[in-house]
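Novice: Quick one, fold the following:
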Amino acid sequence: GTPLAVYSGAAAHQRGLDVMIEALPKLPDLHVAFIVSRPGSKYVKGLVARAAELDVADRLSVLGYVPFDQVVEFLSAADLGVIPIHHWPNHEIALITKFFEYSHARLPIIVSDVQAMGEMVRSTGQGEVFRADDVSDYTRAVEAVLADPERYRGVYDARPELLSEWTWEVQADVLDGVYSRLRSGDPVGSGGPSNPTP
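Specialist: From the prediction side, this is the model:
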């Protein structure tokens with residue numbers, strides 16, 4: 001019955017996990033789980049220490065990765081998935097792996113206002129967007145999702161094509177078509193999908 005926010009992936013300053021810790025005093029019912037490649041890294045230890053300073057360490061769990069075929073099932077136990085990354089050029093242009101993992105786990109997604117993911121979440125309604133590295137705006141986004149989680153989860157039922165398109169198999173077919181046209185000398189834009197990623 002305890003609301004759980006999850007972050008899975010690499011842990012580094014530019015990934016913005018600090019905001020999740022700093023917001024915990026403002027979100028007294030929330031528990032946070034970090035599922036990271038190196039739970040004992042200096043950065044992660046700093047987050048744990050900061051949680052202790054804020055007297056919220058009992059609401060933070062740090063876990064290592066699970067096997068790839070268990071990721072979606074593991075994440076589905078959470079109430080929301082968080083992508084709090086900062087504004088870096090590569091962060092602006094991609095829908096990153098955890099975005100699709102959270103989606104297949106049918107989690108509401110809270111993402112910083114990086115361009116591609118922010119636009120996608122706004123257009124689908126599957127979550128909330130907050131200003132990167134802004135604790136107050138992140139807190140607002142979490143509160144909005146926790147107030148009506150089924151509103152956000154309902155997107156996956158209302159738009160089943162999202163999850164069917166957001167698979168490795170579908171994307172592999174698209175990329176195979178692009179590479180085949182390149183290999184044959186045909187221009188990439190001469191037919192077929194013009195945008196190989198969602």
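Novice: residues in contact with the helix or strand of the chain with the lowest mean pLDDT?
Specialist: For the chain, counting by mean pLDDT, DSSP states H and E, helix 89-93 ranks last in confidence among helices and strands (a mean of 83). By CB atoms under 8 Å, 6 or more residues apart in numbering, the list of residues contacting helix 89-93 from outside reads 14, 85, 114-116. Where you see a C-beta, it was placed from the backbone N, CA and C, and this is true even at glycine.
Novice: at 10 Å what do you get?
Specialist: Judged by CB atoms under 10 Å, 6 or more residues apart in numbering, the contacts made with helix 89-93 from elsewhere in the structure are 14-16, 83, 85, 96, 112-118, 132, 197.
Novice: Equivalent analysis for stretch 66-81, please.
Specialist: Around stretch 66-81, the neighbours that count as contacts under CB under 10 Å, 6+ apart are 2-8, 30-33, 35, 63, 65, 97-111, 126-128, 141-142, 145-146, 149, 152-153.
Novice: and with 6 Å instead?
Specialist: Among residues not part of stretch 66-81, those counted as contacts by CB atoms under 6 Å, 6 or more residues apart in numbering are 3-6, 101-102, 104-105, 107-110, 145.
Novice: are any of the contacts of helix 89-93 buried, and which?
Specialist: Neighbour-count burial within those applies to 15-16, 83, 85, 96, 112-114, 116-118, 132; the criterion is 16 or more other CB atoms under 10 Å.
Novice: what's the closest of those to residue 184?
Specialist: Minimum separation from residue 184 among the buried ones among the contacts of helix 89-93 (CB to CB) is found for residue 116, which lies at 29.6 Å.
Novice: Just the pLDDT for that closest one.
Specialist: Residue 116 is assigned 95 on the pLDDT scale.
Novice: Need the three-state assignment for it.
Specialist: Residue 116 falls in the helix class when you classify it by DSSP: H, G, I helix; E, B strand; the rest coil.
Novice: which residues sit in contact with it?
Specialist: Under the criterion of CB under 6 Å, 6+ apart, the neighbours of residue 116 are 93-95.
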